[in-house]
Structures are given as C-alpha cells and as structure tokens.
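**Student:** the following block contains a protein sequence and its predicted model.
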Amino acid sequence: MRTNQDRVMTRPTGRFAALARHAAVLGACAALACLPLPASAQVRMTVPPQSERIALRGATIHTVTNGVIENGTIVFNNGVITAIGADVEIPAGTRVVDVSGKHIYPGLIDAYSTVGIAEIGAVDMSNDVNEVGDFNPNVHADVAVNAESRHIGTSRSQGVLTTLTTPGGGLISGMSSAMALEGWSWEEMTMESAAALNVNWPNPNPRARRFGGFGGQDDANPPTYEERVQQLKNYFAEARAYRDAVAAGERVRSDARYMSMIPALNREIPVVVSADGAAQINDAITWAKEENLRLVIRGGDDAIHVADRLVAEDVPVILTSTMDAPGRDDEGYDEAYRRAAKLYEAGVKFAISGGAGSLYTDRLPYEAGVAVAFGLPEEEAIKAVTINAAELMGLEDRIGSLETGKQATLLITTGTPINMTSDIEQAYIQGRELDMNDIQKHFFMKYMEKLHQRMRIIS
C-alpha cells in the first residue's frame with residue numbers, strides 16, 4: 001500500500017497535470033449530466049440566436065400598423081423581418097414552416113412590469129423593486145433582472161415577449177428597462193437600459209400610517225403635499241444646473257444621479273409619472289410643461305376627468321389595470337372595465353399594462369380583453385399592448401408591429417391573443433424560436449401523470 005508521500009510523489013506534473021485536471025472536470029460534468037435535473041432546470045431552456053433564415057407561410061398576419069394579410073408569409077433572418085406579404089418570394093435554403101390556419105401577431109409589450117426583479121411576494125430576498133431613499137434616478141432595473149425567473153416563462157406563454165421592467169419607491173424611482181424575455185443573462189436580454197425615468201407624484205391626500213413605516217420621511221411630522229412637490233422641482237433644477245455646467249465645460253464633481261437624468265431633461269426619453277387622481281394628473285402636466293419634459297402618465301384612474309387636457313397637451317397614459325374594483329362608493333362596478341374605451345372615445349392615446357406585479361404580467365392579454373368586452377374596439381386593444389406601448393417608450397422602430405426591418409418578435413396563435421380561448425402555439429424573440437414550456441405547464445403535466453398512474457392502479 002502506498003503512503004501519502006508516495007501519492008504526492010507520483011502525481012502528474014506540468015502539462016500532464018493540466019490534462020489530468022481537465023479530464024477530472026470532464027468526468028465530473030459527465031457524472032452530473034447523468035443526474036436527474038431539478039424541476040426549475042427542466043422548465044425552460046434558453047435558445048441560441050437565429051442561425052438560419054425562416055419563413056412562416058400560410059397564416060393570417062396581423063401587422064397592427066398596415067392591416068391584415070390573409071394567407072400571408074413572413075420571412076426573417078438574423079432576428080430581423082426581411083419580407084412580409086401575401087406574395088413573397090422565399091429565398092433558396094430557407095426553412096419553411098407551414099402555419100396555415102393560424103394567426104401571427106407582434107409580441108405583446110407590458111409597459112409597466114416587475115418581471116425579473118420580483119419573484120415571490122412573501123420572500124423579501126427575491127424582490128429587488130424598491131430602493132432606499134427618495135431620489136434614485138441612477139437605478140437601472142435591468143442590472144437586477146434574474147434571467148432564470150419563472151415569471152418569464154409564464155409571461156411568454158401568454159404572449160408577452162417584451163417588458164418595461166420598472167423599479168419603485170421614493171419620489172424618483174429610477175429607470176425602466178426594456179427587456180426581451182429571452183437570454184442567458186440580463187445583458188443579453190436588455191434592449192434599452194434607460195427607457196424611461198420614473199417619478200411617483202406626491203399624494204395630496206395621504207392616509208396617515210397607524211403603525212409607522214420603514215425609513216423615509218418621519219411619519220410624526222410628514223411634509224405637506226406642496227413641500228414634496230417642491231422637493232421634486234428642486235431636484236430637477238439641480239440636475240439641470242449640473243447638465244448645463246457639464247455642457248459648458250465647467251469642472252464639477254461627478255454625480256451619477258444627475259448624470260442619469262440628462263436624457264430625460266433633453267427629452268430623449270420620457271418621464272413616466274405615477275398619478276391616479278385628477279389633481280395629481282393636472283399638477284403633473286403643469287410641472288412637466290414647465291420642465292419641458294416628455295410626459296407619460298401611469299395609473300390614470302381619473303384620466304377621463306382630465307381627458308381634454310391630456311389630448312391638448314399630447315400626454316399619453318399607461319393604464320395599470322382594467323380589472324380593478326371601483327375606487328369610490330359612487331362609481332359603477334364597471335368603472336375600471338370601461339376606462340380604456342372612454343379614453344379612446346375622448347381621443348387620449350394609451351397603453352394597457354398588466355398591473356406592475358410580476359405575478360400579473362401574464363394576465364396582460366386579459367386586461368386588454370376586458371377592455372374589449374366593455375366597449376374598446378379589438379383593434380385598439382391590440383394596439384394598446386403592442387405599438388402604443390412601443391411608441392410611448394421609443395421602441396417603435398424595433399418592436400410593436402410586423403414590418404420589414406423590425407425585429408422578428410412575434411406570436412403564432414389560434415386566434416386573437418387577447419381572448420383567453422386562444423392558444424399561443426409558438427413565439428419568436430428576435431428570430432429565436434422559443435422553448436414554450438413554463439413552470440405551470442410543467443406542473444400540469446407532472447400531476448396529470450400522477451393522476452394517470454393512480455387510474456392505472458385502480459383499473
């Protein structure tokens with residue numbers, strides 16, 4: 001029997017040691033490959049970028065911006081649509097997929113989501129939505145996105161292929177990030193790291209907290225509504241002074257927060273203001289006009305009451321839910337259900353979101369469907385979750401409709417994606433043919449198998 005000293009002396013050295021270590025690693029990987037995968041690893045597989053030209057032929061293509069094409073063909077390569085129409089010449093070497101009898105729509109866009117930064121509500125460590133402090137314009141949501149989130153799979157199964165993942169908290173929450181829901185990492189998923197700056201407009205009628213809060217303002221002596229609005233104005237004034245000093249070549253101390261606000265101050269990206277009440281919306285419009293900002297209202301419960309001004313000032317709205325209960329005693333049961341239809345009739349441009357929570361992004365098509373059931377034309381509902389959402393965030397040159405030169409981010413369905421009786425049979429993101437499995441489908445199949453096994457035992 002060899003001693004420990006003998007074993008040390010007979011170990012391979014130099015190049016042979018490296019080869020031995022490499023062989024050991026390969027052996028370990030092979031052994032791990034033989035082990036059963038955990039449920040989370042079996043649910044959804046990330047696919048590589050598009051590597052061959054694909055043509056989808058025979059479907060009814062809903063372009064959103066250029067009408068409907070019956071028995072149409074759409075060709076895409078390297079993630080970009082290269083041809084679309086009823087009489088398209090398909091290049092040699094193209095993989096042709098027969099989708100006769102199906103419908104093709106652009107991928108849906110959730111304009112207000114926390115997919116990727118919130119996982120389990122009861123587990124604080126899985127939620128990375130709110131930052132500490134009132135002013136966090138330098139916070140970018142994309143760097144916190146978990147590419148392995150189970151909400152990604154369930155959202156895609158309902159047709160949502162792009163989200164505006166949005167941080168929360170404070171007066172200035174930070175930057176919404178446009179995320180394609182496919183990729184190995186947040187870097188691969190990010191379309192725009194800073195798509196919009198988010199502001200939470202102060203509430204003129206705040207409710208007192210009975211049991212205190214968690215940091216922030218002193219509840220015993222909270223600032224007034226006017227004081228909070230002034231704090232917001234002061235911060236924007238400081239950021240503008242910083243921008244002007246940098247542009248003038250003056251020596252200033254670097255400040256990541258002010259620097260992050262420059263695109264919003266220059267109207268390069270929108271400022272999304274969370275505001276529900278009519279007074280909040282009116283004050284936010286006045287403030288944005290004074291600041292010369294590209295304003296988008298998010299929430300908009302009372303938007304119909306200031307619709308004329310929204311139209312006059314060209315201010316769009318992101319409706320955060322069409323399935324809410326009435327907020328006031330004198331409102332009808334269908335107040336939220338009809339909100340989108342009323343805004344459409346008033347001429348207000350709007351998008352519909354899934355209600356912010358990662359748990360609710362997968363119900364985005366149903367939010368739009370409810371609006372249709374209560375008076376909104378179906379065509380406008382589809383726009384509210386595709387091209388309108390894209391235009392609000394400056395993404396209309398890439399997604400939101402099916403056009404030559406845009407990304408091949410699309411759905412193959414059995415019918416309109418905002419009807420719960422329709423199925424999303426396949427989806428593509430930037431030309432990638434997605435694995436359509438998700439955690440809900442996984443558990444459905446698992447427990448159906450359990451049922452079948454029990455039935456075989458009984459029989």
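**Tutor:** The structure has been received and is ready for your questions. Fair warning: this is a prediction, and the values are worked out from it, not measured in the lab.
**Student:** now do the strands in the stretch 251-400 of the chain.
**Tutor:** With DSSP state E, counting those that start in this stretch, the ranges of strands along the stretch 251-400 of the chain come out as 271-275, 295-299, 317-319, 350-352.
**Student:** can I get those in JSON lines with mean neighbour count and mean pLDDT?
**Tutor:** C-beta coordinates here come from the backbone N, C-alpha and C atoms, glycine included. Output for those, formatted as JSON lines (neighbours: other C-beta atoms under 10 Å; pLDDT from 0 to 100):
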{"stretch": "strand 271-275", "mean neighbour count": "25", "mean pLDDT": "97"}
{"stretch": "strand 295-299", "mean neighbour count": "24", "mean pLDDT": "97"}
{"stretch": "strand 317-319", "mean neighbour count": "27", "mean pLDDT": "97"}
{"stretch": "strand 350-352", "mean neighbour count": "30", "mean pLDDT": "97"}
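**Student:** show me where pLDDT drops low in the protein?
**Tutor:** Within the chain, the stretches falling below the threshold (pLDDT under 70) are 1-42, 207-220, 356-358, 459.
**Student:** middle-most residue in it, spatially?
**Tutor:** With distances taken as C-alpha atoms, centre = their mean, the chain has T163 as the residue nearest its mean C-alpha position (1.2 Å).
**Student:** hmm, it is touching L108, no?
**Tutor:** No - shown here, T163 and L108 do not form a contact pair, counting by C-beta atoms under 8 Å, at 9.6 Å.
**Student:** how close does A408 get to A427?
**Tutor:** As judged by C-beta to C-beta, to the nearest Å, A408 and A427 stand 10 Å apart.
**Student:** next: A86.
**Tutor:** A86 sits 23 Å away from A427 when distances are taken as C-beta to C-beta.
**Student:** so which of these two has more stuff around it?
**Tutor:** Using other C-beta atoms under 10 Å as the criterion, A86 and A427 rank with A427 on top: 26 against 10.
**Student:** would you say that one is within a strand?
**Tutor:** Yes - counting by DSSP: H, G, I helix; E, B strand; the rest coil, A427 is found in a strand.
**Student:** which residues make contact with stretch 420-427 from outside it?
**Tutor:** Counting by C-beta atoms under 8 Å, 6 or more residues apart in numbering, stretch 420-427 makes contact with 102, 107, 156-159, 161, 365-366, 369, 410-417, 433-434, 436, all of which sit outside it.
**Student:** tally of neighbours for E403?
**Tutor:** Around E403 sit 16 other residues, with neighbours defined as other C-beta under 10 Å.
**Student:** A59 pairs with what?
**Tutor:** When bridges are assigned using DSSP bridges, the partners listed for A59 are G72.
**Student:** next one: the longest helix seen in the chain to chain centre, how far?
**Tutor:** Within the chain, and with DSSP state H defining each element, the longest helix by residue count is helix 225-247. Here the centre of helix 225-247 is set off from its chain's centre by 29 Å, with C-alpha atoms, centre = their mean, to the nearest Å.
**Student:** send me it as CSV with only the CA atoms.
**Tutor:** The C-alpha coordinates for helix 225-247 follow below in CSV (Å, rounded to 0.1, in the frame of the first residue of the first chain):
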residue,chain,number,x,y,z
TYR,A,225,-48.0,68.0,-0.5
GLU,A,226,-46.6,71.4,-1.5
GLU,A,227,-43.3,70.6,0.2
ARG,A,228,-43.0,67.2,-1.6
VAL,A,229,-43.7,68.8,-5.0
GLN,A,230,-41.1,71.5,-4.2
GLN,A,231,-38.5,68.8,-3.4
LEU,A,232,-39.1,67.3,-6.8
LYS,A,233,-38.8,70.6,-8.5
ASN,A,234,-35.6,71.4,-6.7
TYR,A,235,-34.0,68.1,-7.6
PHE,A,236,-34.8,68.6,-11.3
ALA,A,237,-33.4,72.2,-11.1
GLU,A,238,-30.2,70.8,-9.6
ALA,A,239,-29.9,68.2,-12.3
ARG,A,240,-30.5,70.8,-15.0
ALA,A,241,-27.8,73.0,-13.5
TYR,A,242,-25.4,70.1,-13.4
ARG,A,243,-26.2,69.3,-17.1
ASP,A,244,-25.6,72.9,-18.1
ALA,A,245,-22.3,73.1,-16.2
VAL,A,246,-21.1,69.9,-17.9
ALA,A,247,-22.1,71.1,-21.3
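**Student:** which neighbouring elements make contact with that helix?
**Tutor:** Helix 225-247 makes packing contacts with helix 256-265, helix 278-291 when contacts are defined by 3 or more C-beta pairs under 8 Å, 6 or more residues apart in numbering; DSSP states H and E.
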